[in-house]
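Visitor: build me a model from this:
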Amino acid sequence: MIQVRRSEDRGHVRHGWLDSHHTFSFADYYDPAEMGFRALRVINEDRVAPGEGFPTHSHRDMEILSYVLEGGLEHKDSLGTGSVIRPGDVQRMSAGTGVAHSEFNASKKEPVHFLQIWILPERKSLKPGYEQKHFSEESRQGQLRLIASPGGEEGSVSIHQDVRLYSALLGKGQTVTHALTPGRHAWVQVARGAVRLGEQTLKAGDGAAISEEKAITLTADAPSEVLLFDLN
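Guide: Residues are numbered from 1 along each chain as shown. Take a look at the predicted model:
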């Protein structure tokens with residue numbers, strides 16, 4: 001079973017410096033039918049104007065992943081971490097018992113375009129933590145590269161939930177397949193380009209919830225970047 005969530009059906013807010021699309025309910029955008037999928041709670045596609053960003057604010061009991069598509073995202077937090085996240089980087093922040101952080105566009109001239117992803121943790125009141133790793137284009141070209149998983153499998157960042165997140169860069173006509181073990185589910189998010197999933201064509205910003213399938217096959221109709229979540 002495949003249920004498609006179209007880009008144009010997402011929540012959308014524009015605050016001058018911020019242009020944000022919400023796949024699931026978030027902040028002032030609320031749709032009781034779109035509260036997440038399995039442990040996946042938030043996928044926000046954000047574009048932030050040069051020199052602007054999110055001032056220091058707090059979170060708790062959430063696994064937060066940042067995935068930059070263009071530009072640089074400057075991160076600071078109450079754990080003492082400071083870094084700039086760029087394309088190919090994956091940042092994981094475990095909010096746990098509580099963490100304060102800020103995210104700003106690292107450039108005064110160019111916008112930053114990134115995905116903010118929230119995953120519900122396996123349990124509450126975990127110790128806050130931070131991790132950032134880089135995954136080269138070569139390691140993701142034409143294949144699904146594991147970038148986040150429980151225990152940091154295959155050099156991925158470690159998350160506190162039974163979720164495995166893959167990234168793929170596909171040239172036109174390239175195909176990737178991911179097997180789903182019985183009882184597992186998947187979410188596909190197209191970051192850019194266009195791919196075919198079964199009889200459906202998914203374009204940039206589209207997502208799809210997948211259940212009761214043995215495998216997922218994606219074929220690119222154009223150069224594409226895709227995220228695939230394997231969920232329990």
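
Visitor: leaving out sequence neighbours, find the closest residue to the residue nearest the centre of the chain.
Guide: In the chain, the C-alpha nearest the mean C-alpha coordinate belongs to Ile117, at 4.3 Å (CA atoms, centre = their mean). With CB to CB, 6 or more residues apart in numbering as the measure, Leu65 is the residue that lies nearest to Ile117, at 4.1 Å, once sequence neighbours are left out. Bear in mind the C-beta positions are built from the backbone N, C-alpha and C, glycine included.

Visitor: so how far is Ala49 from the one you found?
Guide: Distance, Leu65 to Ala49, using CB to CB, to the nearest Å: 22 Å.

Visitor: more neighbours, these two?
Guide: Ranked by neighbour count (other CB atoms under 10 Å), Leu65 and Ala49 place Leu65 first, with 23 against 16.

Visitor: so what sits opposite the more buried one in the bridge?
Guide: Beta-bridge pairing for Leu65 (DSSP bridges): Arg92, Ile117.

Visitor: so what's it up against?
Guide: Going by CB atoms under 8 Å, 6 or more residues apart in numbering, Leu65 touches 90-93, 115-119, 148, 157, 159, 165.

Visitor: relative to Glu103, how far out is the residue nearest to Ile117?
Guide: For Leu65, the distance to Glu103 (CB to CB) stands at 12 Å.

Visitor: report pLDDT for the residue nearest to Ile117.
Guide: Looking at Leu65, its pLDDT is 97.
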